[in-house]
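*Asks:* Got a sequence here, can you model it:
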Amino acid sequence: MSTKIKFDQNSIKFRLWLYFLSLVVGIVVLIWVLQIFFLNNGYEDMKVKEVDRIASSIYHAYTRNDANLTESIQELSVTNDFYVMMESDGTLLLFTPEQENIIPVYRYQNQIPKLRASLEKSKQASLPVYFKFSTTYEKYSTLAYGRYLDRTPGKEVLLYIFSPLYPVTSTVNILKHQLLSVTTIILALAFIMITYFSSRITRPIKSITNTAKRMGKGDYNVKFEADSYSEINNLANTLNTAAYELGMADTRQRDLIANVSHDLKTPLTMIRSYAEMIRDLSGDNPEKRNAHLQVIIDETDRMNQLVSDMASVSAMRTNKVVLDKEIFDLSSAAASILASYQLLQEQEGYNFIFNTPKECLVYADKNRIEQVISNLTGNAIKYCGEDKVVIVNIKRVGKKFRLEVSDHGPGIKPEEIPHVWDRYYKTSTNYVRPTSGTGLGLAIVKEILTLHRCNYGVESKVNKGSTFWFELEAAKKEKEKAPVKPKESLPDRPK
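*Replies:* Numbering: from 1, shown residues only. Alright, predicted model coming up:
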């Protein structure tokens, strides 16, 4: 059973073959055109230029009164296969490629009167004259060339050069055979080079493709090899980073599903249990019934808060939240948040320390910033040390106000600090107070501060505590009298 080979015209291998082969064929065609076509059509033009160059060199040697002029002309005649004549005072001096072969010279003498007449008609002594003629004795044409070496009246010196225009047909045939051999060699070498380079380039790409297919099936532990060209190495390194991030995202997604399932399962179990208790036991006892109903209400609120927090994070990450910015006092906002924890201070011995300047005007979404302060304070209460001290500081840093929430708790390990802003991430340290929460507090803080485009971070040392902070631009007092800006659409989320 024969299998059909798939042919992809858009593949890199095919395109390399096409481009490289087109280049080679173009070069070969150009060589053929230059060597065959221009040799046939440009031979006479090249002869004229060559004769003119030789005549110019003789002219300059004559004007310099070169003592070796005769020897130089004879050498040029032999080297270039020219018949050279010089005429002065009616005397004709002959120079031939071979001294014993002077018969063609007398055949060319018939053209001298025609050259002399053309030169006498010329108004500029430096301009040469030339023409082509044929004889009955030869199978090829001859180029006749003439110019003045000296036009002084009574002392005129004329230079005549006769250059045979030999047929180039035999030369062209020889070149054709040579070019056929050269073309065959070039195409063979091109075939070998195309095969090598196309395989060299496409092999790592195929390897990356196969590895990417494995990654697409969920294997995020794959390794993209980077041992080729710089562009392919950069692609491999980028895909390795992507595989790592996808693996981390997959792990976090599984943790998220597990944590959400756990957080939903507990209140659902409580609601079912207390609903059955009301049905079977406390339905006729108002006091117990109300207590059981309150548990159901509390667990429902917890579920509602969890869903609300998840929706908030999702909305902020998809740029569906609109910031309602205004000028407000950051110090007053922080004070109102701390006041809500007065019950903890009175009943459980927590100590809240608040240091702030007199007035801290900022321009931001007040409700969202209060949510940030509340989440950071709640996190500090959850992880504070045995002294149960939570410190909130506001200070001026240049043109910004910096708010810090600190505790003396167990702290965070350095390798865990980058992950504290992730949803449902839990550090390896234990916390003192088992407060209820959705596990999304710091994730919401991160999203709100990102939307405000402000700096934020965390500083922590193990067994010494942690400090979470963020900075907001200070607002000028003059802005209080200015109209409040309309709600801003969220900027594009940085990638």
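*Asks:* How is this protein divided into domains?
*Replies:* The domain map for the chain lists 14-171, 230-317, 325-480, with the assignment taken from automatic domain parsing.
*Asks:* so which of the ones you listed is the most packed in?
*Replies:* Highest mean neighbour count of the domains of the chain: domain 325-480, a mean of 17 (counted as mean count of other C-beta atoms under 10 Å). All C-beta atoms are positioned from the backbone trio N, CA, C, and that covers glycine.
*Asks:* still on that earlier bit, CSV please, covering the domains of the chain and showing mean pLDDT and distance to residue 186.
*Replies:* Output for those, formatted as CSV (pLDDT from 0 to 100; distance: least, C-beta to C-beta, whole Å):
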stretch, mean pLDDT, distance to residue 186
domain 14-171, 79, 6
domain 230-317, 76, 29
domain 325-480, 85, 59
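*Asks:* Could you provide those domains in CSV, with additional columns for distance to residue 215?
*Replies:* Shown next, in CSV, are the domains of the chain (distance: least, C-beta to C-beta, whole Å):
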stretch, distance to residue 215
domain 14-171, 26
domain 230-317, 5
domain 325-480, 22
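*Asks:* Compare the ones you listed and report which one is nearest to residue 201.
*Replies:* Set against residue 201 and scored by C-beta to C-beta, these come closest in domain 14-171, at 6.8 Å.
*Asks:* and residue 65, what helix or strand is that in?
*Replies:* Under DSSP states H and E, no helix or strand contains residue 65.
*Asks:* ah, wrong one, I meant residue 362
*Replies:* According to DSSP H and E, residue 362 maps onto strand 361-365.
*Asks:* Tell me what angle the helix or strand just after that strand forms with strand 361-365.
*Replies:* With elements assigned by DSSP H and E, the helix or strand that comes after strand 361-365 is helix 366-383. Counting by axes from the mean of the first three to the mean of the last three C-alpha atoms, to 10 degrees, helix 366-383 lies at 90 degrees to strand 361-365.
*Asks:* Following helix 366-383 in sequence, what is the next regular element?
*Replies:* strand 389-397.
*Asks:* strand partners of that next one, parallel vs antiparallel please.
*Replies:* Paired with strand 389-397 in the same sheet, following DSSP bridges, are strand 351-355 (parallel), strand 400-407 (antiparallel).
*Asks:* was I right about residue 468 contacting residue 377?
*Replies:* No: if you go by C-beta atoms under 8 Å, residue 468 and residue 377 don't touch, sitting 9.5 Å apart.
*Asks:* what is in contact with those two at once?
*Replies:* Both residue 468 and residue 377 are in contact with residue 405, where contact means C-beta atoms under 8 Å, 6 or more residues apart in numbering.
*Asks:* can you pull up the bridge partners for residue 465?
*Replies:* When bridges are taken as DSSP bridges, the partners of residue 465 come out as residue 461.
*Asks:* Return the residues in contact with it.
*Replies:* By C-beta under 8 Å, 6+ apart, the residues touching residue 465 are 385, 406, 407, 408, 409, 411.
*Asks:* what's the closest of the residues you listed to residue 54?
*Replies:* Nearest to residue 54, judged by C-beta to C-beta, of those is residue 411 at 96.2 Å.
*Asks:* was I right about the closest one contacting residue 467?
*Replies:* No: contact status for residue 411 versus residue 467: not in contact, 10.0 Å apart, counting by C-beta under 8 Å.
*Asks:* which residues are common contacts for these two?
*Replies:* For the pair residue 411 and residue 467, residues contacting each of them under the criterion C-beta under 8 Å, 6+ apart are residue 460.
*Asks:* quick one, strands of the stretch 151-300 of the chain?
*Replies:* Counting by DSSP state E, counting those that start in this stretch, the stretch 151-300 of the chain has strands at residues 157-165.
*Asks:* Okay, the closest residue to residue 376 other than its chain neighbours and residue 451: tell me how far apart.
*Replies:* With sequence-adjacent residues excluded and distances taken as C-beta to C-beta, 6 or more residues apart in numbering, residue 376 is closest to residue 405, at 4.2 Å. In this structure, residue 405 lies at 19 Å from residue 451, with C-beta to C-beta, to the nearest Å as the measure.
*Asks:* circling back to that earlier point, as a markdown table, the strands paired with strand 389-397 with distance to residue 272 would be great.
*Replies:* Formatted as a markdown table, these follow (distance: least, C-beta to C-beta, whole Å):
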| stretch | distance to residue 272 |
| --- | --- |
| strand 351-355 | 38 |
| strand 400-407 | 37 |
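*Asks:* how about those, which one is nearest residue 151?
*Replies:* Nearest to residue 151 among these is strand 400-407 (94.0 Å), distances taken as C-beta to C-beta.
*Asks:* what does the closest one rub up against?
*Replies:* 330, 334, 360, 362, 373, 376-377, 379-381, 383-385, 389-396, 455, 465-474.
*Asks:* Nearest residue to residue 17 in space, ignoring adjacent ones along the chain?
*Replies:* Residue 17 sits nearest to residue 194 (C-beta to C-beta, 6+ apart), 5.4 Å away.
*Asks:* who are the neighbours in contact with that neighbour?
*Replies:* The contact partners of residue 194, taken as C-beta under 8 Å, 6+ apart, are 16, 17, 20, 21.
*Asks:* I'd like to know how far the first one sits from residue 359.
*Replies:* Pointing back at residue 16 there. The spacing between residue 16 and residue 359, counted by C-beta to C-beta, is 70 Å.
*Asks:* now swap in the second one and tell me
*Replies:* Between residue 17 and residue 359 the distance, using C-beta to C-beta, works out to 75 Å.
*Asks:* correct me, but residue 376 touches residue 445?
*Replies:* Yes: in this structure, residue 376 sits in contact with residue 445. The criterion is C-beta under 8 Å, and the distance is 6.3 Å.
*Asks:* what's the distance between residue 189 and residue 183?
*Replies:* Relative to residue 183, residue 189 is positioned 11 Å away (C-beta to C-beta).
*Asks:* The two: which has the busier surroundings?
*Replies:* residue 183 (17 against 11; other C-beta atoms under 10 Å).
*Asks:* Surely the more buried one touches residue 28?
*Replies:* Yes: counting by C-beta under 8 Å, a contact exists between residue 183 and residue 28, whose distance comes to 5.1 Å.
*Asks:* Contact partners for residue 448?
*Replies:* 316, 365, 368, 369, 371, 372.
*Asks:* again, only this time at 10 Å
*Replies:* Contacts of residue 448 were listed using C-beta atoms under 10 Å, 6 or more residues apart in numbering, and they are 312-313, 316, 321, 323, 364-365, 367-369, 371-372, 375, 454, 456, 470.
*Asks:* Tell me the one among those nearest to residue 291.
*Replies:* Checking the contacts of residue 448 one by one against residue 291 (C-beta to C-beta), the nearest turns out to be residue 375, at 30.3 Å.
*Asks:* For the nearest residue to that closest one once chain neighbours are set aside, give me the backbone phi and psi.
*Replies:* Ranked by C-beta to C-beta, 6+ apart and with sequence neighbours excluded, the top spatial neighbour of residue 375 is residue 441, at 4.1 Å. Backbone torsions for residue 441, taken as degrees, to the nearest 10, come to phi -60, psi -50.
*Asks:* Contact partners for residue 441?
*Replies:* In this structure, residue 441 makes contact with 309, 371, 372, 374, 375, 376, 377, 378, 379, 382, 423, judged by C-beta under 10 Å, 6+ apart.
*Asks:* Roughly how far does it sit from residue 468?
*Replies:* As for residue 441, its distance to residue 468 is 11 Å (criterion: C-beta to C-beta).
*Asks:* Any chance you could list what contacts the strand holding residue 362?
*Replies:* Contact partners of strand 361-365, identified using C-beta under 10 Å, 6+ apart, comprise 321-331, 333, 369, 371-372, 400-401, 403, 448-449, 451-452, 454, 471-477, 479-480, 484-485, 487-488.
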